[in-house]
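Trainee: Generate coordinates for the sequence data below:
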Amino acid sequence: MNNVYPETIYNPNYGKAIFRRSIKLKKQDRLVIAGLEDTVHACKLYVHHDGKLITDVQAEWFRHPMKKCPESAAQLKKFIGQELTVERAKFRAYQDPKWQCTHLHDLLGLSVSHALGEANNRTYSIQIPDFNEGQTVAQVKLDGQVMHAWLINQSSIVEPAEMSGKPYLAGFGKWAATAFDGDFLEAAFVLQMGIFVSNSGRYDMQAMAKKYATIPIVAPGQLGTCFTFQAEHQKDSLPTHIIKDFSSTPDEMLKFLDD
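Mentor: Take a look at the predicted model:
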């Protein structure tokens, strides 16, 4: 099976946009409603609990990069009965994250933590301008407060000085867990995933989805990394790539949370 696009189509406008990701968490009695939106993803999560345990989870997809992605919602049912926790490591040990949608799994982890917090609502806002001259500043805010602002190059953090040389992809989790805690640790992981997704802006994903609509695609390094890219789903790895550019319209994000 051919698992690589025959031709990578690059985005001719890369260098002019700002990648944005917004995450909102809303508490209603024993329910957390969460939403996530960025250039290629838009989803909504309902997490029910009894104050101690997860009692149900439902997910809705509005935009997703691969046709298989919506089926990942059923995997979240495996978390029913698990204990609410603010500990990231404990939550990730409940199920193998590689058999979950990465983004729904992360959103569920934030929701489970939020259920135990004092705030009724929380909002994470990420902005990452396209790389220029090999660098950019990746920033995440929590409820309007800047939690992290990192000058990064193609593989690691440049500034602040105390983090210089630290990786923000492979190997990130180990050092971040010792460098941050509480809200700052949670925000660091939110930003790290934002950086990862922002790299999609380098490619004309809509053009590739149209040109290779019937070719199952699992790029090198992706096999086995999430629900859609498991080997048994390989033949169904067909692209959709409905893109929305929020560079100048951040207020347009997560409108579906009002429905």
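
Trainee: what about the longest helix in this protein?
Mentor: Taking DSSP state H as the criterion, the chain has its longest helix at helix 182-198.

Trainee: so for the next helix or strand after it, what's the average pLDDT?
Mentor: Later in the chain than helix 182-198, the nearest helix or strand by DSSP states H and E is helix 205-211. Average pLDDT, helix 205-211: 82.

Trainee: Kindly report the same for stretch 230-248.
Mentor: Stretch 230-248 shows a mean pLDDT of 84.

Trainee: Show me the contact partners of it.
Mentor: With C-beta atoms under 8 Å, 6 or more residues apart in numbering as the test, stretch 230-248 has contacts from 1, 3, 16-18, 20, 37-40, 42, 63-68, 98-99, 205-206, 208-209, 212-218, 223-224, 227-229, 252-253. For the C-beta atoms, the positions are set from N, CA and C on the backbone; glycine is no exception.

Trainee: sec struct for residue 216, please.
Mentor: coil (DSSP: H, G, I helix; E, B strand; the rest coil).

Trainee: can you start the count at 347 instead of 1 from here on
Mentor: Done: numbering now begins at 347, and the last item shifts to residue 562.

Trainee: Distance check, the residue nearest to it when sequence neighbours are not counted against residue 446.
Mentor: Nearest residue to residue 562, sequence neighbours excluded (C-beta to C-beta, 6 or more residues apart in numbering): residue 583, at 4.6 Å. Separation of residue 583 from residue 446 (C-beta to C-beta, to the nearest Å) stands at 16 Å.

Trainee: Alpha carbons of stretch 598-605, as CSV, please.
Mentor: Provided in CSV are the C-alpha atoms of stretch 598-605 (Å, rounded to 0.1, in the frame of the first residue of the first chain):
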residue,chain,number,x,y,z
GLU,A,598,-15.0,33.4,15.5
MET,A,599,-13.7,30.3,17.2
LEU,A,600,-15.8,27.9,19.2
LYS,A,601,-19.1,29.3,18.1
PHE,A,602,-20.5,25.8,18.2
LEU,A,603,-20.2,25.9,22.0
ASP,A,604,-23.2,28.3,22.1
ASP,A,605,-25.5,25.8,20.3
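
Trainee: Thank you, goodbye.
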